[in-house]
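[1] quick one, structure for this:
(chains A and B)
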Number of protein chains: 2
Amino acid sequence: MKKKRRIYHQNIPLQEAIQRWSLLLNTLPPSGEEEVRVDSSLGRITSRPVSALLSSPFYHSAAMDGYAVRFTDTFGASERSPVRLKIGRDAMGVNTGEPLPDGFNAVIMIEDVYEREGEIVIHSPVPPYHHVRTVGEDIVQTELILPENHRIRPVDIGAMLAGGLTTVFVRKRPRFTIIPTGTEIIKPGQRIDRGRIIDSNSYMLGALLLQWGAEYRRMDVVPDDQERLTEVILSALEESDALAVIAGTSAGTRDFTPHILGEIGEVLVHGVSIKPGRPVILASVRGKPVIGVPGYPVSAYITFDIFGRMLVDHLLCQSGQREEVIRGRLSRPVSSPIGQEEFLRVKVGKVRDRYIVTPVGRGAGALMTLQRADGIVRIPEGIELLEANSPVDVHLMKDRYEIEGTVVCIGSHDNTLDLLANQLRKRFPQFSLSSSHVGSMGAMSAIRRGEAHMGGTHLLDEATGEYNIPFIKRILEDRAIVLMNLVYRQQGLIVQAGNPKGISSIEDLTRDDILFINRQRGSGTRLLLDKILKEQGISPHHIAGFDREEYTHMGVASQVASGSADVGMGIMNAAIALGLEFIPVAEERYDLLIDRESMNLPQVEAVFEIISDDGEFRGLVQSLGGYDTRDMGKIFYEHGR
Amino acid sequence: MKKKRRIYHQNIPLQEAIQRWSLLLNTLPPSGEEEVRVDSSLGRITSRPVSALLSSPFYHSAAMDGYAVRFTDTFGASERSPVRLKIGRDAMGVNTGEPLPDGFNAVIMIEDVYEREGEIVIHSPVPPYHHVRTVGEDIVQTELILPENHRIRPVDIGAMLAGGLTTVFVRKRPRFTIIPTGTEIIKPGQRIDRGRIIDSNSYMLGALLLQWGAEYRRMDVVPDDQERLTEVILSALEESDALAVIAGTSAGTRDFTPHILGEIGEVLVHGVSIKPGRPVILASVRGKPVIGVPGYPVSAYITFDIFGRMLVDHLLCQSGQREEVIRGRLSRPVSSPIGQEEFLRVKVGKVRDRYIVTPVGRGAGALMTLQRADGIVRIPEGIELLEANSPVDVHLMKDRYEIEGTVVCIGSHDNTLDLLANQLRKRFPQFSLSSSHVGSMGAMSAIRRGEAHMGGTHLLDEATGEYNIPFIKRILEDRAIVLMNLVYRQQGLIVQAGNPKGISSIEDLTRDDILFINRQRGSGTRLLLDKILKEQGISPHHIAGFDREEYTHMGVASQVASGSADVGMGIMNAAIALGLEFIPVAEERYDLLIDRESMNLPQVEAVFEIISDDGEFRGLVQSLGGYDTRDMGKIFYEHGR
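    Sure thing, here's the model as predicted:
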């Protein structure tokens, strides 16, 4: 079979795609209505205005514990000439909430009467309906309780029931069908082989639909078979308000979706100038909306979050914006492709009362970058470069209070930080630790610029053999900081299980049959390697793969495990985690550099508490292997106020 | 039976109550765990850290459409000496996402090669693993995907599935039992008689529990029978993690709950110095937490939102704060009882870039004031008076964007405003109209102080007989405003059906057998009445009930309907709505006074659109009865920029 290759035929701006989609949506009526019980209407959307059937209270009742009286009987009462009312005839005991006996029209509080010989004695007149909850005081019959298109909350349920309603008309949940496609796609739980990809998208999009108030049904994976896919789409359409067809949207050989949708319906948009998410398809088939969702998970999420949400919101008559938007400042310059609106995943931290926004990885396939992101910054088409410190608007993916309770940790990566993050969350659910891996020098810069609360660092000074302190004195002279030890750890060479290439020392890195994977410049591990190479007189030019950089120990270990590198430098624990072999080279000290101004934040204090005296944490670190906790929590250095 | 009356034995500060409650909660382990499918884990809380079982990608794959090559084959390629690779042997066609054939380790993009005679021609070398998604690029096996105590989002579901997980351990939903009590309480849908109250609380609290991630079972209403209630509590405890017993918590004759809880367990707190919500009970029975929730709906909501939420959060290891808090300014002075922390219900509007905070009604029974509130301001115990313009923190009950899309309408009440609110929401789901009823003079002041976008007004100038304009000229001289007509309406006397007391004119108000209900000072209706009384030489002192004030037409009608008044002054439509009789007195003009600076807000423009040319809205107003729309949308006056 001859491979056909297509290039995108459209690359239209997001605004125009949204406009075309809106034109289609505006031809669709809102989702139909159904009558549900009020007590199971939480989160549903009203399809009609809701008015009270009854007044509440339904009758005049006592607002206080005391005696019901006729206000006219109390006229003329004073200290000098008190009025006496016979209990049981002119004054009836009532508790709060009880109906007023017939003919009675005011209540005197129990605290204000003097009881004597079957009578109450009062010293001042009471006005009509004093301390009485009159009919309709809360809800008047016919009063509007909820407008149309209102999302029902617990308090609305209370109000509707109190207003005499037992059922309420709500919009039906829009019914979606999600169709995952691709011969290589398998269901979660099926055996995975080389060449196979687990279908995570259809469940992720399904969960988004649930969150928006729609419901979905998921079809089995349809292989790359044009006829079969056409059939499935057509039959699914009959029972759905809308479809999402996942993958097959791009321009590869087996990407049938745009072709099929063009045959059986009308493709409104194929290819939007956004990054990621460009290959998205928006179509109308038999009058129903169909979204062709790109297969890369981040593209899938971002395009569905735009077009899928618009669709659900339209059907439920809801407005689009739900996530909070905050304004922060970029911690580093960001270049962005011109001609594409970029959806940049970012971390957000609140440090020294500013929101610091740091971009994370950008690959369309890198779901974890989205999962770890705190929000998304949209960079318009026309912008090529945003300078560091530029103000940006972040569409949050978390609640703001979560971000404000986060310890921002920027610097070198170590697996104990993951452990620390989990322990923090476990013991202090209101806090979390977010760590960005930019190497030890990155920690120094982040603290200097006031962009982090703390950071991991293991910088070995070539001249003195001392860790971190010489760098701090040079770089952070005018910053108040504390340097606290976290662990000592083994650094060494990570090689494949069984060490098939017989690597035994740093010198082996220069061998012709060895492909190396390096850590990025500025990382402590890189500095350590550079120092060793220098000491041993080895030129980096003789090491194949020296320019390939990974940002974490696990990244290095993963490259070795997969065979895309024979050896890398990293910590022992990373080798253990992936079942690799480890050749020790040096023990090094791994410290936390801490911004002194941030030390009194409750989330930072919680971290100290765990480091200083949490036996469980210490035990967990030791059980990782390759760590020594002898100085954990010890302060090696500090300066500034 | 002798009535026993108790006074609260405690009135402890909220902070201390919270502390005592925490002490109990800290003795309870977190909710147990259960294993659920990842695809049905949305919104659940992880009970263990979640790590990847597989790397993703699971194999090296092409990151681009193109040809897979061996990077060593490309060494030395240049423009002058291109390298040719035989397709099918040294260069294999690959689509994005496909695995690299064995032995191949780089991809050249389709756009970068020149195909000729079964070969590809390349002009520059490619580095190792160029355009290759290497194993673990997204997720590395063993990597922490989610920490413990994390609420699962759609993107987390995607990441877990991609990381090879099909199930996840989550905390069980805490099981609550809700027990409504009280002989007078009936289930929704049961026939309501005088003296009966519909149980709305148990469903409202249940909905709160669902929202927090717990589940609940609701018992049938238990009558006021100490023995019976004791049995129900004890048996419910066996199958629940916690109980909420509603009502019977205060100090009335039939309030058994504190007594029972004291007998079978320990009462930690009875009576907290908060308003509303004072009678709340916190107890421990057989080691399980029991909340005695006050019966007044607002008290029930506020106390459960504090103590019930703490409990669920503790069991699910979540942190408490979820709602957004914004800082606004009070539109009027607020006095607050000293010695009690008040939970003040407020409306919030964004006018001229400031959040304006206006208190609404305060009764513990007034559920609608809570339902209509945008948020809650907490006034600490020691504060007796907050001046107008004081900064206050509002705990929002709505999303901030909803508040920012709200038209703030402060002034005179008319039923067409409810209709307008619903029509706005129907046609523009992103907007809403919030109206506060403070009378026509209130509209003038609100516009003058920049606290409203618009307000209804029908102020008749005694001297000129002209509506509104003379007042605007006097009060709003230096404000830019527009005055637009909404409707003309009939004002008159509202009397009981069949007019049993034979009321026919204003003069009848002075009769001895007639009890009047008035509107508040500053309302247009009150001004109209005052003018008529003056013209007819009638002294208000001769009218019984002249000092009883209601704030809305429906409030007046409701008092008449219930028999607590014989007659009131109001609009025809209010009489029609409650099946009352109406004696016309005058037609009056009801206008909207609009802040000119707010006229370009999209939500205000949407209101204009409805008023100016929405036939449906006009039709609905006419069908209410008592209205004339001949000048609807007409601008009678404007001044300022």
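[2] am I right that A:Thr303 is in a strand?
    No. Counting by DSSP: H, G, I helix; E, B strand; the rest coil, A:Thr303 is not part of a strand but helix.
[3] neighbours of it, how many?
    A:Thr303 has 29 neighbours, counted by other CB atoms under 10 Å in any protein chain shown. In short, each C-beta sits where N, CA and C put it, glycine included.
[4] does it touch A:Gly277 like I think?
    Yes. The pair A:Thr303 / A:Gly277 is scored as a contact, 4.1 Å apart, by CB atoms under 8 Å.
[5] what residues sit buried inside stretch A:476-494?
    Of the residues in stretch A:476-494, A:476, A:479-494 count as buried by neighbour count, 16 or more other CB atoms under 10 Å in any protein chain shown.
[6] what about those, which are in helices?
    Of the buried residues of stretch A:476-494, none are assigned to helices by DSSP state H.
[7] show me what contacts A:Phe169?
    Contact analysis of A:Phe169 by CB atoms under 8 Å, 6 or more residues apart in numbering or on different chains lists A:33-35, A:46-48, A:50.
[8] now with 10 Å, please.
    A:33-36, A:41, A:44, A:46-50, A:148 (CB atoms under 10 Å, 6 or more residues apart in numbering or on different chains).
[9] now, which of those residues lie close to chain B?
    Restricting the contacts of A:Phe169 to those touching chain B (CB under 10 Å from any CB of the partner chain) yields A:41, A:46-50, A:148.
[10] adding pLDDT, write the residues you listed out as CSV.
    As requested, the ones next to chain B among the contacts of A:Phe169 are exported to CSV (pLDDT from 0 to 100):
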residue, pLDDT
A:Ser41, 98
A:Thr46, 96
A:Ser47, 96
A:Arg48, 95
A:Pro49, 93
A:Val50, 96
A:Glu148, 92
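[11] what is the helix or strand encompassing A:Tyr67 packed up against?
    Using DSSP states H and E, the element containing A:Tyr67 is strand A:66-69. Judged by 3 or more CB pairs under 10 Å, 6 or more residues apart in numbering or on different chains; DSSP states H and E, the packing partners of strand A:66-69 are strand A:83-86, strand A:92-94, strand A:106-109, strand A:119-122.
[12] can you pull the buried residues of the first one?
    Going back to what we said before, that points to strand A:83-86. Neighbour counts over strand A:83-86 (16+ other CB under 10 Å) mark A:83-85 as buried.
[13] nearest to chain B, of these?
    A:Leu85 (16.9 Å; CB to the nearest CB).
[14] quick check, the closest one in contact with A:Phe71.
    No. Using CB atoms under 10 Å, A:Leu85 is not in contact with A:Phe71, being 11.5 Å away.
[15] joint contacts of those two?
    Common neighbours of A:Leu85 and A:Phe71 are listed as A:Ile108 (criterion: CB under 10 Å, 6+ apart).
[16] returning to that earlier point: now render the ones next to chain B among the contacts of A:Phe169 as CSV, adding neighbour count, distance to B:Met92 and secondary structure.
    Shown next, in CSV, are the ones next to chain B among the contacts of A:Phe169 (neighbours: other CB atoms under 10 Å in any protein chain shown; distance: CB to CB, whole Å; DSSP: H, G, I helix; E, B strand; the rest coil):
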residue, neighbour count, distance to B:Met92, secondary structure
A:Ser41, 23, 58, coil
A:Thr46, 25, 59, strand
A:Ser47, 23, 57, coil
A:Arg48, 17, 62, coil
A:Pro49, 20, 65, coil
A:Val50, 26, 64, strand
A:Glu148, 22, 60, coil
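[17] in a markdown table, list those residues along with distance to A:Leu385.
    Output for the ones next to chain B among the contacts of A:Phe169, formatted as a markdown table (distance: CB to CB, whole Å):
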| residue | distance to A:Leu385 |
| --- | --- |
| A:Ser41 | 50 |
| A:Thr46 | 47 |
| A:Ser47 | 49 |
| A:Arg48 | 52 |
| A:Pro49 | 51 |
| A:Val50 | 52 |
| A:Glu148 | 47 |
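[18] and the helices in the stretch 151-300 of chain A, which stretches?
    Here the stretch 151-300 of chain A has its helices, by DSSP state H, counting those that start in this stretch, at A:154-162, A:201-212, A:226-238, A:257-264, A:297-303.
[19] quick one: these as a markdown table, columns for mean pLDDT and distance to B:Leu144 too.
    Formatted as a markdown table, those follow (pLDDT from 0 to 100; distance: least, CB to CB, whole Å):
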| stretch | mean pLDDT | distance to B:Leu144 |
| --- | --- | --- |
| helix A:154-162 | 97 | 35 |
| helix A:201-212 | 97 | 19 |
| helix A:226-238 | 96 | 37 |
| helix A:257-264 | 92 | 35 |
| helix A:297-303 | 96 | 18 |
